[in-house]
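Got a predicted model here, sequence first, then my questions.
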Amino acid sequence: MATAAVATHDTGAHDHHEHHDNFVTKYIFSTDHKMIAKQYLVSGMFWALIGGFLSILFRLQLGFPDMSLEFLRPLLGGWIDEAGKLDPTFYLALVTMHGTIMVFFVLTAGLSGTFSNFLIPLQIGARDMASGFMNMLSFWFFFISGVIMFISLFIKTGPAGGGWVVYPPLSALEQAIPGSGLGMTLWLIAMTFFIASSLMGGINYITTVINLRTKGMSFSRLPLTIWAFFLTAVIGLLSFPVLFAAALLLVFDRSFGTSFYLSDIYIGGEALPNTGGSPVLYQHLFWFLGHPEVYIVLLPALGITSEVIATNSRKPIFGYKAMIISMLGITILSFIVWAHHMFVSGMNPFLGSIFMFLTLIIAVPSAVKVFNYLTTLWRGNLIFTPAMLFSIGLVSFFISGGLTGIFLGNSAIDIQLHDTYFVVAHFHLVMGSASFFGMIAGIYHWFPKMFGRMMDARLGYVHFWLTFVGVYMVFFPMHYIGIAGFPRRYYSWTNFEFSNMYTDLNMFVSVAAIFTFGAQFIFLFNFFYSMYRGRKASSNPWRSTTLEWTTPVEPGHGNWPGEIPTVYRWPYDYSKPGAEEDFIPQTVPLSATPESNLPHEQEQVKMELEIMKEEESEVLVANESKH
Amino acid sequence: MEKELKYSDLVEQPISMHPKKFALWLFMVTVVMIFAALTSAYIVRQAEGNWLDYELPSVFWITSGIVLLSSVFLHWAYRSAKRDELIQLRIGMIGAVGLGIAFLVGQWYSWVALVDREVFFVGNPAGSFLYVFTGLHALHLISGVIFLIIVLISTFRYKVHSQALTTMEMATTYWHFLGGLWIYLFMFLLLNH
């Protein structure tokens, strides 16, 4: 009964429903998934700029420790001391906020929020998300979270400074560093809103994918983007509540005096009253989210890449099922490897070797994905659109960053490399840059659907090459710096003799970082210019097979003006032998393409036609009784 | 009337469930994860020693009974709604809401009992955990009571009957879940303290 109610609601209610939106309901409190996606996208870009800018500030300190930063005083005020130096505690706040902003606000909300919202209804053939209202609420919780985090940047004691992982006791005791005061409180409040927002978003994504697929859209016909968004939402749903639990106990320790994470601490010779707590407990709870979070960030980017690479290679994605199985494998494995972040926390070495073993298994599904990307590209009719270039860039980062993951996953090597710049290089390549490239690829690819206009390809090429080369210039040298023993999160190394010979390398990294950050303004210009002045897009500019390209160039609320199209085939019928065009949209029935059908598909057509004849009379009777 | 049979009529509609009900189940998954995290934290922390041993408040036995009884009332109300027996539906709902509030009061008295035996929120985590479990569960239960009250009001407006059961079903699912969650927490505490 419930199903029937949904179905009639879908086909009936929206068709004859005219929306008269004013500015507020259209652009601000919108329940349309496409507008919410754009809101996420623009906020994500805003946060990426802030997060990137913070990294430039601390890269200046790291690359040029003797430089006078007097010129930043108008912006940073008291955080530049008398001698023109960056305040060391503010440096800690900078790295903390850079991490928090990039991981959560840009690569979780900006990436998943944008593309899950935009593509799920469009690619599965739904009018909108399961609950438009909850979707809107999800964005506004994220917005509130962002406002609170933004305010924390400007308070007197500075934003949170305990690293993005906010380990207690550093984060739990106000006396520890200035950032553990009000800044940390605001961080926790902002993250609570963020978790609520992610959960509401995730519940919506899963519900929509499972319940609102159009006719014929079986799970084995879903585009890999949707599989990726779906599994991302599942991971988020299972891991974010655990972060909430960890943060809740931290809040109690900070503000109510409990001792979940605190024990036997002396400050200035005075013993604190806390007794019986365990800081390692926090690490376990945090990394139970923290590791899956890596895949929350990465999987959507991998999904987008699958779609872009298949479309622009004009070939079916290699190993569609293998892709799904490896994503499922990554999803499951992501929950049982968290302790590889804690090899040096004093855990039992035997337990460490179990987590090492599980960690190394993740290399298998990851390698399957890489091989499938490469074999899809192999001998394809490659079309190098900017989106395609960024997708190939993602594969490159995924390989070069993934290889160092095999080193770091070994508990013995991790003792040497833990918390060095080797780790920084590793995760910035495999998770940071790869996901960022996936996001950019997605923007270039679906910009025509979002705004009805094309982005400028030439500026896209320039943007790609500058960014691609820039990212490697920033993060490749970091491997050497890390092997040399440079610990991360240090304000300066000028007191250490060994660091002298690496001064140049650090300077090079900083210059490269500024250069790469600068290149992003080309993209920003391209994005906003094309939104208003770009070439008008056709309805299917990339000659793609998926459902979103069957909508009008600028789809309205409800996505399809008429009936929702039915799906008859998988989404990767590119260059099918015998077919007239080099792509067959999902909406074309098998019976309409006898020239390109494979033998088993021809069988299906025959069977379907027979069923059709048999059922004709029955269906007619059924239709009669309905009216 | 003659209706043209379209090819698409033969393509199967993917399995689906009522989206709101499905979303509720997903929400319950997140609640399960929160309590799974907290109870595993309890076990991990307990294994490290320096653990305060104290007796659980006996009022938990009574509140467990109350919460089970309220589930029985609600289920009776749900079955009445299915059969369009609106009076029984209202009585069942009122009973469920009343017992839900009684449960909350009972949980408050468990805190009073804890304070009496000098187990405070601030102190050894053994006690703090108990406050967090009961407090967080009570918060969810309050949301359940509010949900039940909303349904109760709509029963008086004749909006719950055999043809309109969705919200009633959702409220019933959620309430049974919260009751079950409490029984799990209580069993967990009985076995691990």
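Perfect, I can see it now. Residues are numbered from 1 along each chain as shown, chains lettered A, B, ... in the order given.

Isn't B:Asn192 up against B:Val44?
No: between B:Asn192 and B:Val44 there is no contact under CB atoms under 8 Å: 11.3 Å. For the C-beta atoms, the positions are set from N, CA and C on the backbone; glycine is no exception.

Those two: which is more packed in?
B:Val44 (14 against 11; other CB atoms under 10 Å in any protein chain shown).

Find the nearest non-adjacent residue to the more buried one, please.
A:Leu281 (5.8 Å; CB to CB, 6 or more residues apart in numbering or on different chains).

Could you count how many residues lie near that neighbour?
21.

same thing with the one 5 residues further on?
For A:Phe286, the neighbour count with other CB under 10 Å is 23.

Please apply the same query to A:Asn22.
Using other CB under 10 Å, A:Asn22 has 8 neighbouring residues.

roughly how far apart are it and A:Glu70?
Distance of A:Asn22 to A:Glu70, computed by CB to CB, to the nearest Å: 49 Å.

With A:Glu581 instead?
62 Å.

How about A:Ile514?
18 Å.

More neighbours: those two, which one.
A:Ile514 (17 against 11).

Just the element for that one, please.
In this assignment (DSSP states H and E), A:Ile514 forms part of helix A:503-533.

And that helix, what's buried?
For helix A:503-533, the neighbour count (16 or more other CB atoms under 10 Å in any protein chain shown) marks A:505-507, A:509-510, A:512-514, A:516-517, A:519-520, A:522-523, A:526-527, A:530 as buried.

In the chain, where is pLDDT below threshold?
Went with chain A since none was named. Within chain A, the segments meeting pLDDT under 70 span A:1-21, A:608, A:611-627.

switch to chain B, that's the one I care about
For chain B (pLDDT under 70), the answer is B:1-16.

Let's verify A:Leu262: helix, strand, or coil?
coil (DSSP: H, G, I helix; E, B strand; the rest coil).

before we move on, the earlier item: give the contact list for the residue nearest to B:Val44.
Contact analysis of A:Leu281 by CB atoms under 8 Å, 6 or more residues apart in numbering or on different chains lists A:Phe260, A:Tyr261, B:Ala41, B:Val44, B:Arg45.

go on, A:Glu581?
Residues near A:Glu581 by CB under 8 Å, 6+ apart: A:Arg543.

And what about it, helix, strand or coil?
Here A:Glu581 is recorded as coil under three-state DSSP.

what about it, distance to A:Glu595?
Distance of A:Glu581 to A:Glu595, computed by CB to CB: 11 Å.

same deal with A:Phe143?
Counting by CB to CB - A:Phe143 and A:Glu595 are separated by 52 Å.

same deal with B:Leu165?
Distance of B:Leu165 to A:Glu595, given as CB to CB: 51 Å.

The two: which is more packed in?
Between B:Leu165 and A:Glu595, counted using other CB under 10 Å, the more crowded position is B:Leu165 (16 against 10).

surely the more buried one meets B:Ala81?
Yes: under the criterion of CB under 8 Å, B:Leu165 makes contact with B:Ala81 at 6.2 Å.

Overlap of the contact sets of the two?
Joint contacts of B:Leu165 and B:Ala81 (CB under 8 Å, 6+ apart) do not exist.

so the residue lying closest to A:Ser152 once chain neighbours are set aside is in which element?
Take A:Ser152 and drop its neighbours on the chain: the residue closest to it by CB to CB, 6+ apart is A:Leu186, 3.8 Å away. Here A:Leu186, judged by DSSP H and E, is contained in helix A:182-211.

Output the contacting helices and strands for that helix.
Using 3 or more CB pairs under 8 Å, 6 or more residues apart in numbering or on different chains; DSSP states H and E, the elements in contact with helix A:182-211 are helix A:114-124, helix A:132-152, helix A:224-255, helix B:19-47.

And A:Phe64, its phi and psi?
The phi/psi pair for A:Phe64 (degrees, to the nearest 10) reads phi -130, psi 70.

Report the contact partners of it.
Contact analysis of A:Phe64 by CB under 8 Å, 6+ apart lists A:Met507, A:Ser510.

Can you name the residue of the stretch 301-450 of chain A nearest chain B?
Here the stretch 301-450 of chain A gets closest to chain B at one residue, A:Phe335, 10.7 Å apart by CB to the nearest CB.

Let me fix that, I meant to ask about the stretch 501-627 of chain A.
Using CB to the nearest CB, the closest approach of the stretch 501-627 of chain A to chain B is made by A:Thr566 at 3.9 Å.

For the stretch 451-600 of chain A, what lies in contact range of chain B?
Residues of the stretch 451-600 of chain A that fall close to chain B, judged by CB under 8 Å from any CB of the partner chain: A:Thr566, A:Val567, A:Tyr568, A:Pro589, A:Ser591.

Try it again at 7 Å.
Within the stretch 451-600 of chain A, the positions near chain B by CB under 7 Å from any CB of the partner chain are A:Thr566, A:Tyr568, A:Pro589, A:Ser591.

Just the closest of those to A:Arg314, please.
When these are ranked by distance to A:Arg314 (CB to CB), A:Tyr568 comes first, at 20.4 Å.

So what's the residue count around the closest residue to the closest one other than its chain neighbours?
Spatial nearest neighbour of A:Tyr568, chain neighbours left out: A:Pro589 (4.5 Å); criterion: CB to CB, 6+ apart. Other residues near A:Pro589 come to 17 when the count uses other CB under 10 Å.

just the one 3 residues further on next, same as before
When neighbours are counted by other CB under 10 Å, A:Ala592 registers 14.

how close does it sit to A:Ser433?
From A:Ala592 across to A:Ser433, the span is 43 Å (CB to CB).

Equivalent analysis for A:Ile415, please.
Here the criterion is CB to CB. By it, A:Ile415 lies 26 Å from A:Ser433.

ok, now A:His341?
As defined by CB to CB, A:His341 lies at a distance of 20 Å from A:Ser433.

Also A:Ser538?
Remark: distance between A:Ser538 and A:Ser433 (CB to CB) = 32 Å.

Chain B: helices as residue ranges?
For chain B, the helices defined by DSSP state H occupy B:19-47, B:59-82, B:86-116, B:125-156, B:166-191.
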